[in-house]
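Participant: quick one: sequence and predicted model below, then my questions.
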There are 2 protein chains.
Amino acid sequence: MKVILLLCLAIVAVSAVRNSFAFSPNRVSRAFALENAEPSDNARWFEQELDHFSPQDQGTWKQRYFVNETYYKAGGPFFINVGGEGAISEKEVTGHLMMSSYAQTYGAMVVSVEHRFYGESQPFPDLSTDNLRLLSSQQALADLANFIVHLKEQYGAPDAPVITFGGSYPGALAAWFRMKYPHVTMGSIASSAPVFAALDFYGYMDVVDKSLASVSGEICDRRIQIATAYVDKLVQTEEGRDTLAAAFNICRPLVSDKDISTMYANLMGNFQGVVQYDEEGSPITIQTVCDIMESGSDRDAFENYQKVNALVNGKNCIECNYDATIDLLKQTDHKAAGVGMRQWTYQTCLEFGYFQTTDSENQPFGDNVPLSYYTDMCHDTFGFTFKPRVNETNLYYGGRNPRGASNIDFVNGSIDPWHALSITEDFSQTVIATFVQGTAHCDDMLPPKNGTTPRGAESDCGCVRLDDSDKYVVESALAYFENNSGHESLQRMSIMLGSA
Amino acid sequence: MKVILLLCLAIVAVSAVRNSFAFSPNRVSRAFALENAEPSDNARWFEQELDHFSPQDQGTWKQRYFVNETYYKAGGPFFINVGGEGAISEKEVTGHLMMSSYAQTYGAMVVSVEHRFYGESQPFPDLSTDNLRLLSSQQALADLANFIVHLKEQYGAPDAPVITFGGSYPGALAAWFRMKYPHVTMGSIASSAPVFAALDFYGYMDVVDKSLASVSGEICDRRIQIATAYVDKLVQTEEGRDTLAAAFNICRPLVSDKDISTMYANLMGNFQGVVQYDEEGSPITIQTVCDIMESGSDRDAFENYQKVNALVNGKNCIECNYDATIDLLKQTDHKAAGVGMRQWTYQTCLEFGYFQTTDSENQPFGDNVPLSYYTDMCHDTFGFTFKPRVNETNLYYGGRNPRGASNIDFVNGSIDPWHALSITEDFSQTVIATFVQGTAHCDDMLPPKNGTTPRGAESDCGCVRLDDSDKYVVESALAYFENNSGHESLQRMSIMLGSA
């Protein structure tokens, strides 16, 4: 099984991931190693509360964070990078994120703080399902509030303004943090933030389809459809399944229906990873895989599909055995299932869904990855007999309608499938959307490549507007802070409009 | 022990309370019976989630609510009375609250919904400390969001605007609800809302002192001081304690230091209840007790103090035995300790403190009710070895600095001791304060008495401004709703300013 996580930033090469863990997500990026992050002597630790919502429990645990004081000037703001479904890295505070550029401008403290249950921030010795009761976005946000207030006190700056940054799930956390704790953060830059929890996220594959077509053209899409139809035919017979196993270097025979779904998930996963992280550092881009798919005629579609599979996965066989996947997800060791895999599966099974099915007819990857594939996985891994509580999550956070919120910039890329669950149009004067044509997941968090974006000049790529939008929120928040001793006022609106 | 609860509205006569439960709070009001509320056939029940923050628990329980559809016009708003630390009553939706007057004006649905663990809204068969893990203001607010969204769906009005009302602890809940769930409620009228959690609420007795002086004069205050000094002297010897027991009709001999603190708490409690609910229906007012205290000369102070005690408590002896108090608080039956007593003690011990000590020197009741009296009670009742988490509560809700919030009217009365923990000055253009001179706890929630307030004409009592302020928030919220399809805009501010 190949699960496409939300994770923003990871430089781990595909082959390395495959070597270390066959079910690991297909994550590529140019900037960071989230997985197997080197231990850093510069890590700091905050004694965090165990349970913010059942205060009888007075336990604590150690939450990891990194600080870069280089740019900080007394009286300056605190810029907080919100951790998510993986380990944090010291590199996040040492100049590789746009946040650091802003920090130089504003004399800000740069901080990155890990999410409970991920990386080294482990409240318990293991990840038993019972221990995971305390893993939730609500607890993570309460951690964040508690951490920020105490960090500022530690620096003798209890009244310093705070701006929160995050991409992907942490982008949603950053947005939600401004919504739920507006007295703790002045504003948030929420990159690629799926703030709408969807049980059946069929729209993910819709965007994959559109992104393939928009970058390369309709032929790429049609060839995938033809290849999938042939897979659909082969999968009907045992002989055909053996053919598939050989064609796609599948580790073990395909036995159960779930094995077959896992195979389909892997095959479409070859394209998911490429699209989600297109042009973010991996040599394999949308153009690469579409060039392969488009070569020859329609008759070559299945062969081309094999070639893409071989390119993406290298020499490693693909594990499509469902039971093996579940066994791995059940392992409660912190490191056993790759960084954050068990924990993130838990959060999707409980809070978010986000399940990338083939339930849309507007995509070329068939229909063999249904919603039940994922909900069964939740049951088989954690024993859950209920579906993810996406309605409750949307009710709690407001979903796509964050009424009453302010000072949030929702930044998304048109290529990135996750934009389908984000906010891509201005919601209000102070909850704004920045929709960048032609960029992928969290691309805006990284500095421009060669001074521009992968798809052309500044005026073409939208990155100027991007920077301006972030600045709009950051400067509005800071100007508001400087002009008001903690009090809202009409002045705020005029400041924000004046700076637009 | 006499604990002055926050409870806004209760018509139970003092003697009736004393008959049913010697430790019951001294609650008087003209409008409602919260205690021993008659079962109503009109009660409705909502299947509410058990735990909003540890979603592995999929249990539910039945939350009680009342609805009055009389004034509702299709498309109208929903006015929600937030339940608190006692049972709700059907009377809350049938015309006795200002909320109902507003409802007639705005064609609103009138709703009152009970707080989990109080009244008939019991998630568990008993109130064991382990069960009370799920009693918190956070859970209550999440209940409220879930309830409101489903109620509106039930009426086919999912997009109807909501205004939330509450007084005392529910006033704080109403304010916090607008802060934490601004996408669910458009605004809140927060009466007598102690939004700042204070471990040592010595300021309560400061306001009692000031209120006695402001209504009647300094002599009342001085006579209490003289009487207390004499009590301080008597309490030193066994003979003196016997004298006190006889003088104040104390049920059992005063043995331990805790018994003595309990006696002091009761004696000052005679005045606390009178001040908190001054002129709200009880024939015993500040003027009544001060008239008694002021009669004769300073030499009569102790005798007058006895007379006040006799007037307030009737013929019932006063239970000052600390162990008996703890035994009662430990009873886990829903009804055993009076409506909400065990539960509210639990919430104060964990979340709010609010402990009314004699730690201020600016009050005449001595210094024998220290903070440790209450924290020991928390330990002895629930086994807690930690102090109430007031810092965490203030960090979570923002305390007196609700930055980023909007559309809240904090209404307080100058007589009411709880105003010391509320917001009594405008915080922003849309978080406003209405501070009414001369009124007590939650007085603004009730219709004017005889068309005016107890202390004079409209222009004198401030009640016109009061109504206008509430209308300001309600109408601003509704106008905003009508003019915006769920989107914030600058228009909002101009609407609000235009209506000011």
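Facilitator: Cool, the structure landed.
Participant: residues touching A:Leu234, list them.
Facilitator: A:Gly240, A:Arg241, A:Thr243, A:Leu244 (Cβ atoms under 8 Å, 6 or more residues apart in numbering or on different chains). (Each C-beta comes from the backbone N, C-alpha and C, glycine too.)
Participant: put together CSV for these, with pLDDT and neighbour count on each row.
Facilitator: Formatted as CSV, those follow (pLDDT from 0 to 100; neighbours: other Cβ atoms under 10 Å in any protein chain shown):
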residue, pLDDT, neighbour count
A:Gly240, 97, 16
A:Arg241, 97, 19
A:Thr243, 97, 15
A:Leu244, 97, 21
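Participant: break chain A down into its domains, please.
Facilitator: A:1-214+A:309-500, A:215-308 (automatic domain parsing).
Participant: what's the least confident stretch among the ones you listed?
Facilitator: Lowest mean pLDDT of these: domain A:1-214+A:309-500, a mean of 82.
Participant: just how off-centre is that one within its chain?
Facilitator: 5 Å (Cα atoms, centre = their mean, to the nearest Å).
Participant: mind putting the contacts of A:Leu234 into JSON lines with distance to chain B?
Facilitator: Conversion of the contacts of A:Leu234 to JSON lines gives the following (distance: Cβ to the nearest Cβ, whole Å):
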{"residue": "A:Gly240", "distance to chain B": "41"}
{"residue": "A:Arg241", "distance to chain B": "37"}
{"residue": "A:Thr243", "distance to chain B": "43"}
{"residue": "A:Leu244", "distance to chain B": "38"}
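Participant: got the phi and psi for A:Val82?
Facilitator: phi -80, psi 130 (degrees, to the nearest 10).
Participant: I figured it was touching A:Pro170, is that so?
Facilitator: Yes: counting by Cβ atoms under 8 Å, A:Val82 does reach A:Pro170; the two are 4.2 Å apart.
Participant: now for the two: what residues contact both?
Facilitator: Contacts common to A:Val82 and A:Pro170, judged by Cβ under 8 Å, 6+ apart, are A:His115.
Participant: more neighbours: which of the two?
Facilitator: Ranked by neighbour count (other Cβ atoms under 10 Å in any protein chain shown), A:Val82 and A:Pro170 place A:Pro170 first, with 32 against 29.
Participant: how about that one: what's its closest non-neighbour residue?
Facilitator: Nearest non-adjacent residue to A:Pro170, counting by Cβ to Cβ, 6 or more residues apart in numbering or on different chains: A:Gly84, 3.6 Å away.
Participant: cool, and A:Trp176?
Facilitator: Nearest non-adjacent residue to A:Trp176 (Cβ to Cβ, 6+ apart): A:Tyr397, at 5.2 Å.
Participant: can you give me the strands in chain A?
Facilitator: Under the criterion DSSP state E, chain A carries strands at the ranges A:44-49, A:60-68, A:78-82, A:109-113, A:162-167, A:187-191, A:198-200, A:353-355, A:408-413, A:431-436.
Participant: looking at those, which is buried most?
Facilitator: strand A:187-191 (a mean of 32; mean count of other Cβ atoms under 10 Å in any protein chain shown).
Participant: out of everything not next to it in sequence, what's closest to the residue of the stretch 301-450 of chain A found nearest chain B?
Facilitator: In the stretch 301-450 of chain A, the residue that lies nearest chain B is A:Gly404 (2.3 Å; Cβ to the nearest Cβ). Leaving aside its chain neighbours, A:Gly404 sits nearest to B:Pro182 (2.3 Å; criterion: Cβ to Cβ, 6+ apart).
Participant: is it correct that the one you found is in contact with A:Tyr397?
Facilitator: No: using Cβ under 8 Å, B:Pro182 makes no contact with A:Tyr397, being 11.3 Å away.
Participant: next, show the common contact partners of those two.
Facilitator: Shared contacts of B:Pro182 and A:Tyr397, counting by Cβ under 8 Å, 6+ apart, come down to A:Met179.
Participant: can you count the residues close to the residue nearest to A:Asp409 when sequence neighbours are not counted?
Facilitator: Using Cβ to Cβ, 6+ apart and skipping the chain neighbours, the partner closest in space to A:Asp409 is A:Val473 (4.4 Å). By the criterion of other Cβ under 10 Å, A:Val473 has 28 neighbours.
Participant: do A:Ala247 as well
Facilitator: For A:Ala247, using other Cβ under 10 Å, the count is 17.
Participant: not including adjacent chain positions, what is the nearest residue to it?
Facilitator: A:Gln306 (5.1 Å).
Participant: shouldn't that neighbour be in contact with A:Ile250?
Facilitator: No: A:Gln306 lies out of contact with A:Ile250 (Cβ under 8 Å); the separation is 11.4 Å.
Participant: looking at the two, which is more packed in?
Facilitator: More neighbours surround A:Ile250 than the other of A:Gln306 and A:Ile250, with 22 against 18 (other Cβ under 10 Å).
Participant: if I pick the more buried one, what's in contact with it?
Facilitator: Counted by Cβ under 8 Å, 6+ apart, A:Ile250 has contacts A:Leu244, A:Met263, A:Cys317, A:Ile318, A:Glu319, A:Cys320.
Participant: how close does the second one get to A:Cys320?
Facilitator: With distances taken as Cβ to Cβ, to the nearest Å, A:Met263 is found 4 Å from A:Cys320.
Participant: need the contact list for the nearest residue to A:Met186 once chain neighbours are set aside.
Facilitator: Spatially, and ignoring its direct neighbours in sequence, A:Met186 is nearest to A:Ala477 (3.6 Å; Cβ to Cβ, 6+ apart). When contacts are counted by Cβ under 8 Å, 6+ apart, A:Ala477 touches A:Pro161, A:Ile163, A:Met186, A:Gly187, A:Asn407.
Participant: the second one pairs with what?
Facilitator: Going by DSSP bridges, A:Ile163 is paired in beta bridges with A:Phe79, A:Gly187.
Participant: what's the local residue count around whatever residue of the stretch 151-300 of chain A ends up closest to chain B?
Facilitator: Closest residue of the stretch 151-300 of chain A to chain B, Cβ to the nearest Cβ: A:Pro182 (2.3 Å). Counted with other Cβ under 10 Å, residues neighbouring A:Pro182 total 25.
Participant: touching, it and B:Ser406? I think so.
Facilitator: No: look at A:Pro182 against B:Ser406 with Cβ under 8 Å: they stay out of range, at 9.7 Å.
Participant: one step back: next up, the contacts around the residue nearest to A:Gly404.
Facilitator: Taking Cβ under 8 Å, 6+ apart as the test, what B:Pro182 contacts is A:Met179, A:Arg403, A:Gly404, A:Ala405, B:Ala405, B:Ser406, B:Asn407.
Participant: farthest pair in those?
Facilitator: Using Cβ to Cβ, the two most remote members of the contacts of B:Pro182 are A:Met179 and B:Asn407, lying 15.1 Å apart.
Participant: higher neighbour count, these two?
Facilitator: Remark: of A:Met179 and B:Asn407, A:Met179 carries more neighbours, 28 against 24, as counted by other Cβ under 10 Å.
Participant: tell me which residues touch A:Gly76, please.
Facilitator: A:Tyr106, A:Gly107, A:Ala108, A:Met109, A:Ala160.
Participant: just read off the phi/psi values of it.
Facilitator: According to degrees, to the nearest 10, A:Gly76 has phi -80, psi 170.
Participant: what's the spacing between it and chain B?
Facilitator: 19 Å (Cβ to the nearest Cβ, to the nearest Å).
Participant: can you tell me what sits against stretch A:146-160?
Facilitator: Contacts for stretch A:146-160 (Cβ under 8 Å, 6+ apart): A:46, A:48-49, A:52, A:63, A:65, A:67, A:74-78, A:80, A:109, A:111, A:113, A:162, A:184-185, A:486, B:392, B:395.
Participant: now that stretch: buried residues?
Facilitator: When burial is assessed from 16 or more other Cβ atoms under 10 Å in any protein chain shown, stretch A:146-160 yields the following buried residues: A:Asn146, A:Phe147, A:Ile148, A:Val149, A:Leu151, A:Lys152, A:Ala157, A:Ala160.
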